[in-house]
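**Student:** Just a sequence and a predicted model for now, questions to come.
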Amino acid sequence: MNEKIIARAGELIAERIGGSQNFCTLAFVDPDGYPHTTTISISKADGIRWLTFCTGTGAKDYIINNCNKASACINSSEYHIALTGTIEQINYPEVKKEMWYDGLKNHFSGWEDPNYCVLKLTTERYNFLVDWENANGSLV
């Protein structure tokens, strides 16, 4: 039964990418062990397996280097999708170029900007309410 709900959750995430509602909350653990939550746009996804985000290196770099555990929450009045796993910062030029979109021009000089990076959340666990059905489990 979870396979059907997992597939539907992946479809809902895909619908968010590139749209006006493409954001989610992303939570990290800070170096002092406290939660740090931010709102961020989803850049790309592979179902619920992984999500990527384009952002600045800043505080996120410091947080990720201290603890790579993270969680993303994508929701609306009709569904709730929570993904938990590990996060990494990707600075490979080919990935940064692939993920670049015009909306980032407001924050960075271009895909080569050293302050621009891509974050990738790889899901290990999930918990969601989709089509009024609950599902939770592990991908590892």
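**Tutor:** Structure received. Numbers count the residues shown, from 1 in each chain.
**Student:** What does the pLDDT read for residue 1?
**Tutor:** We note a pLDDT of 55 for residue 1 in this prediction.
**Student:** can you check residue 97 too?
**Tutor:** For residue 97, pLDDT reads 92.
**Student:** Also residue 42?
**Tutor:** 92.
**Student:** Then residue 115?
**Tutor:** 89.
**Student:** Quick check: next helix or strand after the helix or strand bottoming out on mean pLDDT in the chain?
**Tutor:** The weakest-scoring helix or strand in the chain, judged by mean pLDDT, DSSP states H and E, is helix 58-66 (a mean of 66). Note on helix 58-66: by DSSP states H and E, the next helix or strand toward the C-terminus is strand 69-75.
**Student:** in its sheet, what does the helix or strand following that next one sit against?
**Tutor:** Downstream of strand 69-75, the first helix or strand assigned by DSSP H and E is strand 80-90. Strand 80-90 sits in its sheet next to strand 69-75 (antiparallel), strand 116-130 (antiparallel), going by DSSP bridges.
**Student:** Okay, buried residues for the last one please.
**Tutor:** Translated: strand 116-130. Counting neighbours by 16 or more other Cβ atoms under 10 Å, one finds that the buried residues in strand 116-130 are 116, 117, 118, 119, 120, 121, 122, 123, 126, 128, 129, 130. For glycine as for every other residue, the C-beta is placed from the backbone atoms N, C-alpha and C.
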